[in-house]
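Novice: Provided below for reference: sequence and predicted model.
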Amino acid sequence: MNKKNYINSVEKLHTSKDFKDKTSKLMKDTLNSKRKKNPIAKKLVLSFASAAIIISASVVGFNYNNLFTSNKGANNNLAKPGITVAEMELPTSTEGTSTRMLPLFVYKGRIYLHYNTTFELNNEFMVDKEDMLNLRGEYLGKTIGSIDEWSNQEDYATEFASTIGESDVYTVKGYDSIYRLMVYSEYPDGFSCEIYDSFGGLTLRSGADYFDLLQFKDNIVSSQWESYDSWNNGKSELSNATIDDAFNEFIDKLYTSTPVDITTDLFTENTDYDSQKFIYLKTKDNLITALRLFKDGYVYAPEVGFFKMDENVFNAFWNTMPATNPLQ
Amino acid sequence: MDYSFGTDEYIQYVLDKYSTMLIKLAFTYVKNMSDAEDITQDVFVSLIKRGSCFESEEHEKAWLLRVTINKCKNRLKSSWNRLNVPLEEDISYLPEEESEVLVTVLNLPPKYRTVIHLFYYENYSMNEIAKLLGKKPATIGTWLSRGRTILKSKLIGGFEYE
């Protein structure tokens, strides 16, 4: 009987004997680090000269921590105030299950990471070829899959070293190739392409220093938003946002927002159902970038950090996205 | 479940209760146990980061299944992960009639595959699956029906599902 055969086959699949032990340790480590409540307050002072990357479970995802930790470095003086996006640092040692690789490659001494901007996918979860061709620029070279969990910093110093195997690297038309590149690869049934960014070392004096690089101004064609409850519970309940005056003014004020080095832990202090919202902005080239909003006017861009913006404008936009209390 | 959130007992309880279920669900998406376990580990970490207990076991289970599905979908979107997929899972230890059905189910389009798995392996109703996947029950019914039809056409002797 086929149904029975399916059930039996799934029942018999081998799982790792130490899965529970490893996962239990990871969960306890996560819990302990969460209890320390330091993901933002604890600022790592990283050297710019270091081409190093922190790659650990604690910095993965659009979840709790800055991927890059901002630091007020030597540039932070009265004449040139600002926050500089730190480079990333390799773990000094692998720590078993807490170490995780991210999709990245090295080019001209910079580390490019696939993280917060993606192509819009079609119904087959694929990138449209036309979108890819519209953005694919000059060919730069081919990555080599030379980085793994056991790599040291020397491995990262190699041009086109990567965690992504062999793929072609191109510039992205309309974007500064210092900060954004495209990875493209073909396989028998099609192709894949992804956006890779590198904002380490970028000094932010206003939102324009970052959002200009993303080409937001007069370029956003649609936006979706998600409540904290949906995001936190993995519901993926996205609603379309209206592109109206409140939205346009919000985007305008992003450019004049102030980069801030947050000293409080907005992530763990804002867990009420309406204390955070997530917006997904689609530009004309069908790239989608996520931003995380915290009540009282904070905008979090995971690749660079927090921006504080005009509260009236922020609140007007915030109020166009009414979240429902899941307990009512 | 009487354990307080975050205690060692709670962690052991959720791992004992849900690990196998989530790994196997993830397997139907990513088709290898290594990735399936990796994703399941992420799900449990997300559970800890969530920071609180659920109102009921049903809610808890549904949350874990939904997050697992979303993490699988996200992973499959990335070519980086495609490039890093290890060799196909070795299922040579399964009897031929079982491995044939498993391989055929895994070759279904993802949406049919998930519905088949949740319906037959997890014993979820169509309404429950619809809620989990955020679809209309009628859509789930269609996917289930199409999945069965494909299985019937691919498997020697058809697919007996009752």
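Specialist: That came in fine, so what should we check first? Please read these numbers as outputs of a predicted model, since none were measured by experiment.

Novice: CA atoms for contacts and neighbours, from now on please.
Specialist: Noted.

Novice: Show me how the record splits chain A into domains.
Specialist: A:23-197, A:206-318 (automatic domain parsing).

Novice: Redo these as TSV? Include mean pLDDT.
Specialist: As requested, the domains of chain A are exported to TSV (pLDDT from 0 to 100):
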stretch	mean pLDDT
domain A:23-197	67
domain A:206-318	89
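
Novice: Just want the residue of the stretch 51-200 of chain A that's nearest chain B.
Specialist: Here the stretch 51-200 of chain A gets closest to chain B at one residue, residue A:164, 5.3 Å apart by C-alpha to the nearest C-alpha.

Novice: Which elements pack onto the helix or strand residue B:128 falls within?
Specialist: Here residue B:128 sits within helix B:126-133, counting by DSSP states H and E. Under the contact criterion of 3 or more C-alpha pairs under 8 Å, 6 or more residues apart in numbering or on different chains; DSSP states H and E, helix B:126-133 touches helix B:57-77, helix B:137-154.

Novice: What would the last one look like as PDB? C-alpha coordinates only.
Specialist: In other words, helix B:137-154. What follows is helix B:137-154, C-alpha atoms only, in PDB (Å, rounded to 0.1, in the frame of the first residue of the first chain):
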ATOM      1  CA  PRO B 137      -8.900  24.900   1.900                       C
ATOM      2  CA  ALA B 138     -10.100  24.500  -1.700                       C
ATOM      3  CA  THR B 139      -6.600  25.300  -2.900                       C
ATOM      4  CA  ILE B 140      -5.200  22.600  -0.600                       C
ATOM      5  CA  GLY B 141      -7.800  20.200  -1.900                       C
ATOM      6  CA  THR B 142      -6.700  20.900  -5.400                       C
ATOM      7  CA  TRP B 143      -3.000  20.500  -4.600                       C
ATOM      8  CA  LEU B 144      -3.700  17.300  -2.800                       C
ATOM      9  CA  SER B 145      -5.700  16.000  -5.700                       C
ATOM     10  CA  ARG B 146      -3.100  17.000  -8.300                       C
ATOM     11  CA  GLY B 147      -0.400  15.500  -6.200                       C
ATOM     12  CA  ARG B 148      -2.200  12.200  -6.000                       C
ATOM     13  CA  THR B 149      -2.800  12.200  -9.700                       C
ATOM     14  CA  ILE B 150       0.800  12.700 -10.400                       C
ATOM     15  CA  LEU B 151       1.800   9.900  -8.000                       C
ATOM     16  CA  LYS B 152      -0.700   7.600  -9.600                       C
ATOM     17  CA  SER B 153       0.800   8.200 -13.000                       C
ATOM     18  CA  LYS B 154       4.400   7.800 -11.800                       C
END
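
Novice: Is chain A within reach of that helix?
Specialist: No - Helix B:137-154 does not reach chain A (C-alpha under 8 Å from any C-alpha of the partner chain); its nearest approach is 9.6 Å.

Novice: Just the angle for that helix relative to helix B:126-133, thanks.
Specialist: 100 degrees (axes from the mean of the first three to the mean of the last three C-alpha atoms, to 10 degrees).

Novice: what is the rounded mean pLDDT of the helix holding residue B:128?
Specialist: Helix B:126-133 carries an average pLDDT of 85.

Novice: Next, the angle from it to helix B:57-77.
Specialist: 60 degrees.

Novice: List of residues touching helix B:126-133?
Specialist: The contact list for helix B:126-133 (C-alpha atoms under 8 Å, 6 or more residues apart in numbering or on different chains) reads B:62, B:65, B:66, B:115, B:118, B:119, B:136, B:137, B:139, B:140, B:141.

Novice: The last one: what's its closest spatial neighbour, skipping adjacent residues?
Specialist: By that I understand residue B:141. residue B:126 (6.6 Å; C-alpha to C-alpha, 6 or more residues apart in numbering or on different chains).

Novice: Compute the number of surrounding residues for that neighbour.
Specialist: Using other C-alpha atoms under 10 Å in any protein chain shown, residue B:126 is surrounded by 19 other residues.

Novice: Please report phi then psi for the most centrally placed residue in chain A.
Specialist: Chain A has residue A:116 as the residue nearest its centroid, 3.4 Å off, counting by C-alpha atoms, centre = their mean. As for residue A:116, its main-chain torsions (degrees, to the nearest 10) stand at phi -110, psi -10.

Novice: and it, what is it in contact with?
Specialist: Here residue A:116 is in contact with A:289, A:290, A:302, A:303 (criterion: C-alpha under 8 Å, 6+ apart).

Novice: Which ones among those map onto helices?
Specialist: Per DSSP state H, helices hold no members of the contacts of residue A:116.

Novice: now, which of those lie within strands?
Specialist: Applying DSSP state E to those, the entries found in strands are A:289, A:290.

Novice: returning to that earlier point: confirm for me that the residue of the stretch 51-200 of chain A closest to chain B is in contact with residue A:106.
Specialist: No - Residue A:164 is beyond contact range of residue A:106, at 10.9 Å (criterion: C-alpha atoms under 8 Å).

Novice: distance of residue A:273 from residue A:292?
Specialist: When distance is defined by C-alpha to C-alpha, to the nearest Å, residue A:273 is 14 Å away from residue A:292.

Novice: Neighbour count for those two, which is higher?
Specialist: Using other C-alpha under 10 Å as the criterion, residue A:273 and residue A:292 rank with residue A:292 on top: 20 against 17.

Novice: For that one, which residues count as its bridge partners?
Specialist: As for beta bridges, residue A:292 partners with residue A:278, residue A:300 under DSSP bridges.

Novice: So it sits against residue A:279, correct?
Specialist: Yes - look at residue A:292 against residue A:279 with C-alpha under 8 Å: they come within range, at 6.4 Å.
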